[in-house]
Every structure is written in structure tokens, then in C-alpha cells.
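Peer 1: after the sequence you'll find the predicted model.
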Amino acid sequence: MQPEALLQKEFAIQGGDFVNAGESSCMIRNTLREIGVDSDIVRRMAIAAYEAEMNVVMYALHGTMQISVYRDEILLTIADKGPGIQDIEMAMQPGFSTATEEMREMGFGAGMGLPNIKKNADVFNITSRVGNGTKLEIRIFLDGKKTRK
Amino acid sequence: MEKRPESSFIHSIKVDDATCIGCVACMKVCPTKAIRLRGGKAHINYERCIDCGGCLRICPHHAVVPVTTSPSDLNRFKYRIALPSPVVYSQFGSTVMPNEILTILTEIGFDHVYDEALVCEMASIAIEEYLDENKSPRPIISSTCPVVVRLIQRLFPTLCKNILPLEPPREIAAKNLRSEVTREKKIAPDEIGIIDITPCSARMVSICHPETMEKSNLDGAIPIKDIYNKVMLRLKRSMPMVMMQSQTRISGIGIGWAIEGGEIRGLKYTNSVSVSGVLNTIRLLQDVESGRLKNIEYLECLICPDGCIGGPLTVENRFIAKSNVLRLIRHFGGKKRVNVDMVKKLYRENFFSFKWAVEPKSFPPLDKDRNVAILKLKQKEELLKRLPGTDCGVCGAPDCKTLAEDIVRGESKIENCIYIKKKPSSEMKNTGDKK
């Protein structure tokens, strides 16, 4: 079992709310910076958080994003209530997207969201149930706990 | 590129204690929360200041003053060259032409004058060369505004690698001038004083303390404000003048650099963006840092509103100045005045290049020890619940959040909050239930 987190924060994300999208990932970035996390790790976490937040905004009804700081790693969990993902393997392919025409016109739906999250994470886990929702787990190691794969 | 030796920042803005009445104006506008009121006077925390000049612009009592070169400092040079920012051309009305201003500058204490706009045009070519050769990272962010460079070092450390590693036009112009004048006039390089006629004090910082080279090619900066009266008087007397620099050598492309969009207007990379004003710049850089704007090739960020014409050391209202610049651009047209092949050759010889890369200088976290920092963050959040959230500034910090941060850093006390001081501890909760 994981030890208790040194710091834990939770943010609610509203599906379809493009106006406030990005605020939670911005707060995560500021928090990590305040506690002195290395700026490159902050950047990777901020990018992953933003992409994950946008996925909830674009596809789900609502979701929560939780950041937990442990002694040697940061864990970001995003769980949503939504349609879920039919074919995870397909969704992980760069360029694959189920975004609507309107979303693409807004500059989203390039099919790089999940691949980009995976690229920035040290450990990435995704589980999804169609008709129910999706859960992402993103871990980034601190202080060179393990070398990045 | 080499790494810069470690050093701290120096600054171009100070508070005159005798004039400061301790109002909250400057503290409220500071984008990096660098100002506090202590003992009824504004204090600038130079560790946080990025020299944006916001306080300079807003102070109703002129108590925030720029630190620049005074005309008497010029006496130590045998040969004095004025390098006016293109902004200077926009300050004296709609009918005055650049070469008239250049000529007047030689009559008020300078031996020689050089049109910086011409070098701005050269820089435009160099930017394209750089973008051609380097396809990542994106976007490349302009290095022209010294405040933007500092802002990135401080608030967006991971974007340091996106900064265009080429010196801005004023440095290139001065570098070129010194060798030219040394050669042609047989004057020793250290007897030549090259002085920037500047719209902002931030340039003074990049002159005294350059981030990307050992020593600036410039020897000082005089505010546009300080030469304004002398130039205006001469213009009003309208004496016939012998023109120094012929009109054909003035660059319309270069003059455009005085306003926002000047750097990107002529770029073949049309997927470029320009932004001005400190808050707009911060917002846009946040998006860049989130990886949202990778499709943009070049990003021109200027801290002053509408670009350098909005500088705190200018005289003309910036909307009139902008109109004057646009008129000059139309007048001189988009014709290239510089030899493109010559610029490309200089570019390949690294004439424009930084010696040192821009190094990140992030603000310190709440504590060096992460465990302590986390503890302090929790304390800060607890304090925030007790504070009223009205951001009145009476405690000496710009807002409640900053006061909470100052307290956990050990730099302030909760008793400084007048709301908390007034209430006995049992009632404190009532002031704190804003959420």
C-alpha cells in the first residue's frame, strides 16, 4: 500500500465547460512550484494535467482531478463520469480522436492528448468502462527515484 | 552556447523615500508581488522585481524613479553616439521626420547618431534565418524586451530554451558602431560612449548587467523624457538644418518595431503572434508552458502596452505615438533598406548570437526542504481562511494571499491585518467565513 500523501488536493472538473478549462492544471502547477518541485517535473505534470483536464471537459459529464505528493513521487488521478473509451489501444494511437467537428474548430481533438500524457509520465495507467467513465493515473518520480524509462 | 557565471540581478527602479507617502498604488500593480509597505514607505524586493516599470508608470507622486544615465555621465567619453530607439520618432508630432530628429541629437551633445531602425530590419532577417535553421522548440520567443527575458527566467523557467538566442537590435547596432567608429575615426573603443535613447528603464539593466554576454555594447541609456524638451525647443524654432543622415537610409520595416507586431509583420512565418502588456504576456506564456501553443512559430512579447511606444519613460500619449509610427511606416514603405546577403553572412558568423544561454532563475519555493515547504503551504491555506479576503493592502502586502505567504516565510505577522487586530480571537472566525 502507498504511504499517506504529504500533500493532497482535489479539483472538480465540469464537462463541457470550456470557459474555465485549464484552471485546475494551472493551480496544480502553482502548488508544485511553491513546494519547490524541480521546474522540469512541474512542466511535465502541468502538461499531463492540462491534457487530462481537457479530455474531461470535452468528453465527460464531470470529473475530479486529485494531486498527491509523496516523498518520492507525485501522483495525479483523474476520474470521470462519462461515455468511457471503447478501444483504449486505439485511443492511445497518436492522431486518433473522436472529437467532433466543433471541437476541432476550437483547436482541440488532434488526437495527441493521451499519447502526450503518457510521454510526460513515468508511470501511466488507464482504465475505462464504456457507459460509465474513465480513470487515469499519472506518476512522475521525484529526486531521480528511478530513471525515466 | 556557454553557461553564464552565477550572479544576482541589479535593478533600474528605486523608491525615493522622501517623496513616497506610502499609498498602495505601486504595490497593487506589481505583477510579481515585489513591493511591500514597510514603515509607511514602499519597498521593492529586488529578488522578485523584473523591472517592468508598472510602479514607475502608476506612482501618483513620482516617488518611484528610474535609474538611468545622466547627461553629465556623458562627459567621460571623448566621442558620444546617440542610438535612438525607433520610439523617439513617434514623440514629436505627425509632421516631424526621423532625419530631423537625428540631426537635432547631434546638436544637443552627441557627436554622432545612428538609426536603430535600420538594425531592427537586419534583426528581422536574422530571426527568419534562425527559424529556418531551428525547427524546434516552438514557439521561439523574442529576446527584444529585457523584461520578458526576466519574466521567463523568473516565472516560466522551462521556457528559457525557447528564447531567441540573438541579441536585440540595440546591442547589434552598438557592437557594429564601436568597431566602425574605432576604424574610421581612429578613436580608442573605450573613449566612445554609445548611449541608448530609451523608452524604458529596463534597458538600463540589460546594459549594466547583461544576461547573455560579458559586457554590453552600450555604455548607458538616457530616457526619452530627458531629451524631449531640448529636441522640442529646436523643432519649434524651425531653423534650417543640414541633414545628417539621408532620408533614404531610414527603414520603414525597422520603425515598425516601436509598436506591437513590428517584429512579426514582415516575417514569412505567418503563424506568429504578438502580445503586449504585462498581464497579457503572462497569460500567453502560461499557455505556452502548458504546451498549448506549439503550432506557433514565433512569439513577440512586449511588456509595455502596445509595445515600446507605451514605455514609462516616453512623453507622447501612446495612442498618438502609435498613429505617428503607422504614418511613418506608410511613408517609408516596406522596401528593404539593408543588404540581405550581408545580414545572412553576419548571421552565419554568429555576429548576432548570444554568448551565454538565458538561465532560469525561479522564485524560491516556500522552503528549500520540500517537507517544510508542504507544511508551510498548509499553514498558508489555514491563514487564508482567517484573513478577510478583501485585499485592502493596509497590512503592507498587496493582497491577503501574499500576506499569508509572507507570514509563513517569517516576513510578516498576522497582527498586521487590521481586521484581525480589531476583533478578539473568538470572533475571528466571522471575518474568515468568506467561503
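Peer 2: Happy to help now that I have it.
Peer 1: low-confidence stretches in chain B?
Peer 2: By pLDDT under 70, the low-scoring segments of chain B are B:1-9, B:238-248, B:422-435.
Peer 1: same thing but at 80, please
Peer 2: Low-confidence segments of chain B (pLDDT under 80): B:1-10, B:238-249, B:421-435.
Peer 1: and the residue of chain A closest to chain B?
Peer 2: When scored by CB to the nearest CB, chain A has A:G36 as its residue closest to chain B, at 3.0 Å. Glycine gets a C-beta too; all of them are placed from N, C-alpha and C.
Peer 1: neighbours around that residue, how many?
Peer 2: By the criterion of other CB atoms under 10 Å in any protein chain shown, A:G36 has 19 neighbours.
Peer 1: over to B:L102?
Peer 2: When neighbours are defined as other CB under 10 Å, B:L102 has 23 of them.
Peer 1: and B:G39, by the same measure?
Peer 2: Neighbours of B:G39 using other CB under 10 Å come to 8.
Peer 1: excluding chain neighbours, give the residue nearest to whichever residue of chain B sits closest to chain A in space.
Peer 2: Nearest to chain A in chain B, going by CB to the nearest CB, is B:P365, at a distance of 3.0 Å. Once flanking residues are discounted, B:P365 sits nearest to A:G36: 3.0 Å by CB to CB, 6 or more residues apart in numbering or on different chains.
Peer 1: for that neighbour, which three-state class applies?
Peer 2: Reduced to three states with DSSP: H, G, I helix; E, B strand; the rest coil, the structure at A:G36 is coil.
Peer 1: same deal with A:F11?
Peer 2: Secondary structure, three-state DSSP: A:F11 is strand.
Peer 1: any idea how far the residue of chain B closest to chain A lies from A:L32?
Peer 2: Noted for B:P365: a distance of 9 Å to A:L32, by CB to CB, to the nearest Å.
Peer 1: and B:G393, by the same measure?
Peer 2: Distance of B:G393 to A:L32, given as CB to CB: 28 Å.
Peer 1: what segments of chain B are strands?
Peer 2: For chain B, the strands defined by DSSP state E cover B:13-15, B:35-38, B:41-44, B:64-66, B:79-84, B:112-113, B:140-141, B:192-198, B:220-223, B:272-276, B:298-302.
Peer 1: list the contacts for the residue nearest to B:P137 when sequence neighbours are not counted?
Peer 2: Sequence neighbours aside, B:N162 is the residue nearest to B:P137 in space, at 5.3 Å (criterion: CB to CB, 6+ apart). Going by CB atoms under 8 Å, 6 or more residues apart in numbering or on different chains, B:N162 touches B:137-141, B:152, B:288, B:299.
Peer 1: who has more neighbours out of B:G393 and A:L32?
Peer 2: Here B:G393 and A:L32 are set side by side on neighbour count (other CB under 10 Å), and the busier one is A:L32, at 24 against 19.
Peer 1: any chance of the backbone angles for that one?
Peer 2: Backbone torsions for A:L32, taken as degrees, to the nearest 10, come to phi -60, psi -40.
Peer 1: so it makes contact with A:I74?
Peer 2: Yes: counting by CB atoms under 8 Å, A:I74 is a contact partner of A:L32 at 7.2 Å.
Peer 1: overlap in contacts of those two?
Peer 2: Contact criterion CB under 8 Å, 6+ apart; residues shared by A:L32 and A:I74: A:41, A:45, A:67.
Peer 1: of the residues you listed, which belong to helices?
Peer 2: Among the shared contacts of A:L32 and A:I74, DSSP state H puts A:41, A:45 in helices.
Peer 1: which of the shared contacts of A:L32 and A:I74 come close to chain B?
Peer 2: Among the shared contacts of A:L32 and A:I74, proximity to chain B is found for none (CB under 8 Å from any CB of the partner chain).
Peer 1: turn the shared contacts of A:L32 and A:I74 into CSV, columns for neighbour count.
Peer 2: Output for the shared contacts of A:L32 and A:I74, formatted as CSV (neighbours: other CB atoms under 10 Å in any protein chain shown):
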residue, neighbour count
A:I41, 19
A:M45, 24
A:I67, 24
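Peer 1: now the terminal residues of stretch B:293-310, how far apart.
Peer 2: Counting by CA to CA, to the nearest Å, you get 26 Å between the two ends of stretch B:293-310.
Peer 1: please compute how far that stretch lies from its chain's middle.
Peer 2: Stretch B:293-310 sits 12 Å away from the centroid of its parent chain (CA atoms, centre = their mean, to the nearest Å).
Peer 1: quick check: which element contains the residue nearest the centre of chain A?
Peer 2: Nearest to the mean C-alpha position of chain A, by CA atoms, centre = their mean, lies A:A52 at 3.2 Å. Using DSSP states H and E, A:A52 sits within helix A:39-59.
Peer 1: buried residues of that helix, list them for me.
Peer 2: A:39, A:41-59 (16 or more other CB atoms under 10 Å in any protein chain shown).
Peer 1: and the lowest-mean-pLDDT helix or strand in chain A, which residues are buried?
Peer 2: One helix or strand of chain A scores below all others by mean pLDDT, DSSP states H and E: helix A:101-105, with a mean of 75. Neighbour counts using 16+ other CB under 10 Å place A:M103 of helix A:101-105 among the buried residues.
Peer 1: may I ask which two of the contacts of B:N162 are separated the most?
Peer 2: Maximum pairwise distance among the contacts of B:N162 (CB to CB): 15.1 Å, between B:R138 and B:I152.
Peer 1: who in chain A is up against chain B?
Peer 2: Proximity of chain A to chain B is confined to A:6-7, A:22, A:25-26, A:29, A:31, A:33-37, A:39-40, A:42-43, A:46-47, A:50, A:69, A:116 under the rule CB under 8 Å from any CB.
Peer 1: show me where chain A has helices.
Peer 2: Using DSSP H, the helices of chain A run over A:23-34, A:39-59, A:88-91, A:101-105, A:113-120.
Peer 1: and the angle from the second one to helix A:113-120?
Peer 2: The one in question is helix A:39-59. 160 degrees (axes from the mean of the first three to the mean of the last three CA atoms, to 10 degrees).
Peer 1: for helix A:39-59, list the C-alpha coordinates in PDB.
Peer 2: The C-alpha trace of helix A:39-59 is given here as PDB (Å, rounded to 0.1, in the frame of the first residue of the first chain):
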ATOM      1  CA  SER A  39      10.700  23.000 -12.800                       C
ATOM      2  CA  ASP A  40      11.000  20.400 -15.400                       C
ATOM      3  CA  ILE A  41       8.900  18.000 -13.400                       C
ATOM      4  CA  VAL A  42       6.400  20.800 -12.800                       C
ATOM      5  CA  ARG A  43       6.200  21.300 -16.600                       C
ATOM      6  CA  ARG A  44       5.600  17.700 -17.300                       C
ATOM      7  CA  MET A  45       2.900  17.400 -14.700                       C
ATOM      8  CA  ALA A  46       1.300  20.600 -15.900                       C
ATOM      9  CA  ILE A  47       1.100  19.400 -19.400                       C
ATOM     10  CA  ALA A  48      -0.300  16.000 -18.400                       C
ATOM     11  CA  ALA A  49      -2.800  17.600 -16.100                       C
ATOM     12  CA  TYR A  50      -3.900  20.000 -18.800                       C
ATOM     13  CA  GLU A  51      -4.400  17.300 -21.400                       C
ATOM     14  CA  ALA A  52      -6.300  15.100 -18.900                       C
ATOM     15  CA  GLU A  53      -8.500  18.100 -17.800                       C
ATOM     16  CA  MET A  54      -9.300  18.900 -21.400                       C
ATOM     17  CA  ASN A  55     -10.300  15.300 -22.000                       C
ATOM     18  CA  VAL A  56     -12.900  15.500 -19.200                       C
ATOM     19  CA  VAL A  57     -14.100  18.900 -20.400                       C
ATOM     20  CA  MET A  58     -14.500  17.600 -24.000                       C
ATOM     21  CA  TYR A  59     -16.000  14.100 -23.500                       C
END
